[in-house]
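K.L.:
return a 3D structure for these sequence lines:
(chains A and B)
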There are 2 protein chains.
Amino acid sequence: MLKVPSEFELIARYFTRPTTHTLLGAGDDGAIVQPSPGMELVVSTDMLVAGTHFLADTDPEALGWKTLAVNISDIAAMGARPRWALLAAALPTADEAWIAAYASGFFACASAFGVDLIGGDTTRGPMSFCVTIFGEVSPGRALLRSGAAPGDEIWVSGAPGRAALGLAHLQGRCALDEPTLGECLAALHRPQPRLALGLALQGLASAAIDVSDGLLADLGHILERSGVAATVHADRLPDAVARACPNDPGLARHCLLAGGDDYELVFTAPSSRHGAIMDLASTLGLALSCIGGITHQGSSELTLVDAENKELPMPSRGFDHFA
Amino acid sequence: MLKVPSEFELIARYFTRPTTHTLLGAGDDGAIVQPSPGMELVVSTDMLVAGTHFLADTDPEALGWKTLAVNISDIAAMGARPRWALLAAALPTADEAWIAAYASGFFACASAFGVDLIGGDTTRGPMSFCVTIFGEVSPGRALLRSGAAPGDEIWVSGAPGRAALGLAHLQGRCALDEPTLGECLAALHRPQPRLALGLALQGLASAAIDVSDGLLADLGHILERSGVAATVHADRLPDAVARACPNDPGLARHCLLAGGDDYELVFTAPSSRHGAIMDLASTLGLALSCIGGITHQGSSELTLVDAENKELPMPSRGFDHFA
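P.N.:
Got it, this is the predicted structure:
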């Protein structure tokens, strides 16, 4: 009979790696870090549950990457630099090959974005992961959801909707061709947090959020926290998803406007910064699309219009776990 | 039909309370805190899963308390002061009365120990909770597991084993009388993190850990991290559990030595500090029992002896989720 490794052996074997900027890593009651003098700490936590956030048969290496990437995305959306992470995992069994692949994806993401894994918890239970991430930002420089003002333009990075379209393909709701399929599955399984963009938006953007629930839903969070209304021009939205799915424009539109899981950034900025943001797109090699504007205060209404400024019906806004 | 509150409404209604030492609380991509100048940050995360860590029908108010208390205990065991917490929760349904009671217990514990809840995540899934906690400690003053040295005495606070005995009663494995039952269920459901003790042990103790897996198992972690061997005198252990369960000495002994979930502190200190620690017990009104000593380096062996120094058989050491 194979010996089943203990919880402590699993942690030691797969989740203990050298840290680069940590005083005390995993193995004690807590980890110890020394925040950089004067910096503010930005913290966020996300729980991913099998069946709710990912399919149970997802490739473990991709899942490991994504677990951390979605948290780094939150830090990027605040304009901060990620530094440390904690990982708590509930697993139904101690499948070593699975855990090794998961850890490999997790640490690939950690290395790519300069994050030390400094501790965590493993337990038996229905599969879920909870990552907590800590970033640093200069005092008062964090990008909040609450800073949008009338006259600001609204921007989105990359080509949102591809992750949702990839999922639709996996669920048999559409049939994508290569290389589109590869791009959409990469967006779904191995999202790239827009960290360089978030850091560069300090001092440029007035508000920012990452697209996890859907483009319109997440823009809606900016509008609510800022107390402002906005108009989005459907014809100015990135059209990659529409081109990828020409036979089902309804699905493409739903993926674009309400599909979550892309982790692109939506942000607002004064129109005076339009040129600087276009320059930034060029510097980063990342598409940045100006998709609308903040219209007025005192309401958080979101209006979608076509090329002739005619109002379009609003699709369902995104994902709510208890709705 | 009753309207089901959305994820965002639930967060706003039950988990958003005023903070006292936080720059930006829940509601953005991340929370923002300003660590005290020069202090080190101690961080820890714990996941509690229904069926593994608590019974699914546990009183939600007690569960809310305990979810946070076990994390504060980790910070206390490091000699640090808890400051901020994040709460991620997976819930099978949005039962408002249950959530209200859970939040009430959670915030009662947060208020009692000066912790700001600054963010979190709610999702649908099999019930589990993941709390991440951040404390502060002066540079180099944290109590680690790795500092025990030959000649040190071994101490334990309070009356470990009561939580396990309370659980045994609930499972029908023993029948406790009042008021013992009340004390054991309080230890199980509403553990008191030994924060005042942990803070006072800075500069006194050489190593510390909280008893979550069992007295001998957790002492074993100190021995492993310190690379030292120890002898524990069974007759010097607190006898509250033995007195509470006179008809089943085997069960009492198992609860005392291997029962987890009490969150008492086990610590080591040079024998020259014996008097100072007895004074501390008196100051805090908390029993502190000297139960043995660190014998030598180069092994992490733990020996249990009786009053005549005769070696006793070692019970199973504690809880391992994957063993």
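
K.L.:
need phi/psi at residue A:218.
P.N.:
In terms of degrees, to the nearest 10, the main-chain angles of residue A:218 are phi -70, psi -40.

K.L.:
now the helices for the stretch 51-200 of chain A?
P.N.:
A:60-77, A:96-112, A:162-170, A:180-189, A:195-200 (DSSP state H, counting those that start in this stretch).

K.L.:
could you dump the ones you listed to a markdown table with mean neighbour count and distance to chain B?
P.N.:
Glycine gets a C-beta too; all of them are placed from N, C-alpha and C. Below are the helices of the stretch 51-200 of chain A laid out as a markdown table (neighbours: other C-beta atoms under 10 Å in any protein chain shown; distance: least, C-beta to the nearest C-beta, whole Å):
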| stretch | mean neighbour count | distance to chain B |
| --- | --- | --- |
| helix A:60-77 | 26 | 4 |
| helix A:96-112 | 18 | 10 |
| helix A:162-170 | 25 | 17 |
| helix A:180-189 | 20 | 18 |
| helix A:195-200 | 21 | 10 |
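
K.L.:
mean pLDDT and distance to residue B:287 added to those, as JSON lines?
P.N.:
Output for these, formatted as JSON lines (pLDDT from 0 to 100; distance: least, C-beta to C-beta, whole Å):
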{"stretch": "helix A:60-77", "mean pLDDT": "96", "distance to residue B:287": "42"}
{"stretch": "helix A:96-112", "mean pLDDT": "95", "distance to residue B:287": "41"}
{"stretch": "helix A:162-170", "mean pLDDT": "94", "distance to residue B:287": "56"}
{"stretch": "helix A:180-189", "mean pLDDT": "93", "distance to residue B:287": "54"}
{"stretch": "helix A:195-200", "mean pLDDT": "98", "distance to residue B:287": "51"}
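
K.L.:
the ones you listed into CSV, with extra columns for distance to residue B:176?
P.N.:
Listed next are these as CSV, based on distance: least, C-beta to C-beta, whole Å:
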stretch, distance to residue B:176
helix A:60-77, 43
helix A:96-112, 40
helix A:162-170, 53
helix A:180-189, 52
helix A:195-200, 55
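
K.L.:
out of these, which gets nearest to residue A:304?
P.N.:
Closest to residue A:304 of those is helix A:162-170 (C-beta to C-beta; 17.4 Å).

K.L.:
now that closest one and helix A:180-189, what's the angle there?
P.N.:
Orientation note: helix A:162-170 sits at an angle of 110 degrees relative to helix A:180-189 (axes from the mean of the first three to the mean of the last three C-alpha atoms, to 10 degrees).

K.L.:
now find how far off-centre helix A:162-170 is within its chain.
P.N.:
16 Å (C-alpha atoms, centre = their mean, to the nearest Å).

K.L.:
and stretch A:114-132, by the same measure?
P.N.:
18 Å.

K.L.:
got the end-to-end distance for stretch A:25-32?
P.N.:
Taking C-alpha to C-alpha, to the nearest Å as the measure, stretch A:25-32 stretches 7 Å from start to finish.

K.L.:
now it, how far from the chain's geometric center?
P.N.:
On C-alpha atoms, centre = their mean, the centre of stretch A:25-32 falls 27 Å from the chain's centre.

K.L.:
among the helices of the stretch 51-200 of chain A, which comes closest to residue B:312?
P.N.:
Of the helices of the stretch 51-200 of chain A, the one closest to residue B:312 (C-beta to C-beta) turns out to be helix A:96-112, at 35.4 Å.

K.L.:
got the angle between the closest one and helix A:60-77?
P.N.:
30 degrees.

K.L.:
who are the packing partners of helix A:96-112?
P.N.:
When contacts are defined as 3 or more C-beta pairs under 8 Å, 6 or more residues apart in numbering or on different chains; DSSP states H and E, helix A:96-112 packs onto helix A:7-14, helix A:60-77, strand A:81-91, strand A:116-124.

K.L.:
residue nearest the centroid of chain A?
P.N.:
The residue lying closest to the centre of chain A (C-alpha atoms, centre = their mean) is residue A:263, at 3.1 Å.

K.L.:
from residue A:128, how far out is it?
P.N.:
Distance, residue A:263 to residue A:128, by C-beta to C-beta, to the nearest Å: 19 Å.

K.L.:
pipe the helices and strands packed on helix A:96-112 into CSV and attach distance to residue B:227 per row.
P.N.:
Putting the helices and strands packed on helix A:96-112 into CSV (distance: least, C-beta to C-beta, whole Å) gives the following:
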stretch, distance to residue B:227
helix A:7-14, 15
helix A:60-77, 32
strand A:81-91, 26
strand A:116-124, 21
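
K.L.:
of those, which approaches residue B:225 most closely?
P.N.:
Closest approach to residue B:225 among the helices and strands packed on helix A:96-112 (C-beta to C-beta): helix A:7-14, 11.4 Å.

K.L.:
pLDDT of the helix or strand that that closest one is followed by, averaged?
P.N.:
For helix A:7-14, the following helix or strand on the C-terminal side (DSSP states H and E) is strand A:31-33. The average pLDDT for strand A:31-33 rounds to 92.

K.L.:
same question for stretch A:142-156.
P.N.:
97.

K.L.:
any low-confidence regions in the stretch 201-323 of chain A?
P.N.:
For the stretch 201-323 of chain A, applying pLDDT under 70 flags the ranges A:316-323.

K.L.:
any chance you could map the helices in it?
P.N.:
A:215-226, A:240-244, A:249-258, A:274-284.

K.L.:
out of the ones you listed, which is the most enclosed?
P.N.:
Greatest average neighbour count among those goes to helix A:215-226 (a mean of 23), per mean count of other C-beta atoms under 10 Å in any protein chain shown.
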